[in-house]
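**Student:** Here is a sequence together with a model predicted from it:
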Amino acid sequence: MEKPPPEKQLILVKKDPDGVALVIINRPKSLNSLTRPMIVDLARAINTLSSDDSVRVIILSGSGRAFCSGVDLTSAEDVFKGDVKDMETDPVYQMDRCAKPIIGAINGFAVTAGFEIALACDFLVASKQAKFIDTHARFGIFPSWGLSQKLSRIIGPNRARQVSMTAMAVTAEQAERWGLVNHVVEEGEVVKKAREIAESMIKNNQDLVVRYKSVINDGFRMDLGHALALEKERAHQYYDGMTNDQFQKMQEFIASRSSKKPSSKL
């Protein structure tokens, strides 16, 4: 089946030669609200990019003045009684298991399901016009993509209870103060800033970037004692798997970097 032209595709994927993949939720006239086919396409796009060796970092954004305004309520029953139970077509599940770093470029409203998709990103860049709103309680929708659990772990339970029980809007500046957003930038600059961050990661050892994401995310689900044991276990696995040649190259690289640093006198 022939694909529609890019301007008609509701989930756009653009891959750059440098290893950055840009995924855009592309339904601006409806503030990027999600239909069931869009949810399926987004899940499949993330799954495909996760296993694509040419992709190192994924940037997720929305077209127009919204990141994602949630599920299109005209298809709510189809979504909530169907795909909520199907992991293969669940975009948040696919994002949570994605090996590659995902940067959320939040250009406008991130509402309810859109808020949950933002929380599934590894970190967020937001425009000054961005707003995060949880309307589950307002419309009688039960959260199923992690908002009730993830938000409290990021901004604290008291703030999370207020956000979710009141459906109050959280501005970009407020989200940054609370640790939800990493950077706040001018309108139209979110993808540019996200690319800058992506480029910084691409310069690093890609195996370690992937492993670091995994150990941080997996450890965050544990208590500190078990998380520290997890880090130690994976460190031993990593070093046990390295050859003598790899150790030598690592030492040579560190030495070359150290020799480039300007000397400092006490």
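**Tutor:** That came in fine, so what should we check first?
**Student:** what's around the spatially closest residue to Met168 that is not a sequence neighbour, how many residues?
**Tutor:** Nearest residue to Met168, sequence neighbours excluded (C-beta to C-beta, 6 or more residues apart in numbering): Gln162, at 6.6 Å. Quick note: C-beta positions are derived from backbone N, CA and C, even for glycine. Neighbourhood size, Gln162 [other C-beta atoms under 10 Å]: 14.
**Student:** Now do the helix or strand containing Gln162: everything it contacts.
**Tutor:** If you go by DSSP states H and E, Gln162 is part of helix 157-166. Helix 157-166 is contacted from outside by 132, 134, 136-137, 143, 147-148, 151-152, 154-155, 168, 170, 178, using C-beta atoms under 8 Å, 6 or more residues apart in numbering.
**Student:** Give me the buried stretch members for it, please.
**Tutor:** Arg159, Ala160, Val163, Ser164 (16 or more other C-beta atoms under 10 Å).
**Student:** ok, now stretch 67-75?
**Tutor:** Phe67, Cys68, Ser69, Gly70, Val71, Asp72, Ser75.
**Student:** And for the spatially most central residue of the chain, nearest residue in space, chain neighbours not counted?
**Tutor:** Centroid-nearest residue in the chain: Cys121, 1.5 Å away (criterion: C-alpha atoms, centre = their mean). Setting aside the residues directly before and after it, Cys121 is nearest to Gly104 in space (C-beta to C-beta, 6+ apart), at 3.4 Å.
**Student:** Give me the mean pLDDT for the helix holding Gln162.
**Tutor:** Mean per-residue pLDDT for helix 157-166: 97.
**Student:** Can I get that helix as CSV, trimmed to CA atoms?
**Tutor:** Only the C-alpha atoms of helix 157-166 are listed here, as CSV (Å, rounded to 0.1, in the frame of the first residue of the first chain):
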residue,chain,number,x,y,z
PRO,A,157,3.7,13.3,45.6
ASN,A,158,2.2,16.5,47.0
ARG,A,159,2.7,18.4,43.8
ALA,A,160,1.5,15.4,41.7
ARG,A,161,-1.7,15.0,43.7
GLN,A,162,-2.5,18.7,43.2
VAL,A,163,-1.7,18.5,39.4
SER,A,164,-3.8,15.4,38.9
MET,A,165,-6.7,16.0,41.3
THR,A,166,-7.3,19.6,40.2
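**Student:** In the very next helix or strand once past it, which residues are buried?
**Tutor:** Next along the chain after helix 157-166, taking DSSP H and E as the criterion, comes strand 169-171. Neighbour counts over strand 169-171 (16+ other C-beta under 10 Å) mark Val170, Thr171 as buried.
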